[in-house]
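**Q** just to be clear, the model below is a prediction. Sequence and coordinates:
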Amino acid sequence: MINYIVFFTLIGLIWYWWNSISAYEVAYKEAKIACQRMGLQFLDDTLDVIKFRLCRHPRGHMQICRVYEFEFSSDGDSRYKGFVSLSGLKYERIDMEAYKIETEESLD
């Protein structure tokens with residue numbers, strides 16, 4: 001009996017590890033694309049998980065929801081925070097702090 005418990009615990013840990021890597025890759029890609037689309041610098045090339053919880057899928061089953069935090073810059077000097085929300089492995093939304101926009105006049 002103890003062998004089954006150890007086996008299924010090990011399988012669960014491997015699944016969680018694999019799922020976490022896949023979710024990180026989705027969030028990383030979305031954050032990088034959002035920064036490129038807006039002409040911003042994606043800083044440090046990293047994300048941090050700041051929120052992790054179970055949530056319900058629209059069809060009713062439970063899944064892991066995560067919020068990742070990243071930093072970006074609009075002018076190369078300032079650092080701002082952005083947040084990528086995932087529901088399971090599905091990208092939900094991205095939120096970014098208000099940031100300074102460089103204009104031609106401010107560069108003179």
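**A** In hand now; what should we look at? Numbers count the residues shown, from 1 in each chain.
**Q** who touches Ala34 in this structure?
**A** Listed by C-beta atoms under 8 Å, 6 or more residues apart in numbering, the contact partners of Ala34 are 40, 82, 94, 96. Glycine gets a C-beta too; all of them are placed from N, C-alpha and C.
**Q** one more time with 6 Å
**A** Ile94 (C-beta atoms under 6 Å, 6 or more residues apart in numbering).
**Q** secondary structure element holding it?
**A** helix 2-38 (DSSP states H and E).
**Q** same question for Ile50.
**A** strand 41-56.
**Q** still on that earlier bit, got the angle for the helix holding Ala34 vs strand 41-56?
**A** Angle, helix 2-38 to strand 41-56, by axes from the mean of the first three to the mean of the last three C-alpha atoms, to 10 degrees: 140 degrees.
**Q** and the closest residue to Tyr24 other than its chain neighbours, how many neighbours?
**A** Leaving aside its sequence neighbours, Tyr24 sits nearest to Leu47 (C-beta to C-beta, 6 or more residues apart in numbering; 6.5 Å). By other C-beta atoms under 10 Å, the residues close to Leu47 number 23.
**Q** which residues touch Leu47?
**A** 27-28, 68, 70.
**Q** at 7 Å what do you get?
**A** Counting by C-beta atoms under 7 Å, 6 or more residues apart in numbering, Leu47 makes contact with 24, 27-28, 31, 68-70.
**Q** can you tell me which of these lies closest to Ile14?
**A** Tyr24 (16.0 Å; C-beta to C-beta).
**Q** that closest one and Ile64: what is the separation?
**A** The spacing between Tyr24 and Ile64, counted by C-beta to C-beta, to the nearest Å, is 12 Å.
**Q** any stretches of the protein with poor pLDDT?
**A** Along the chain, segments meeting pLDDT under 70 span 104-108.
**Q** does Leu86 belong to a helix or a strand, and which?
**A** strand 80-87.
**Q** got the buried residues for that strand?
**A** Residues 80, 82-87 are the ones in strand 80-87 that count as buried (16 or more other C-beta atoms under 10 Å).
**Q** contact partners of that strand?
**A** 23, 26-27, 30-31, 55, 63, 65-73, 92-97, 99.
**Q** in strands, which of those fall?
**A** 55, 63, 65-73, 92-96 (DSSP state E).
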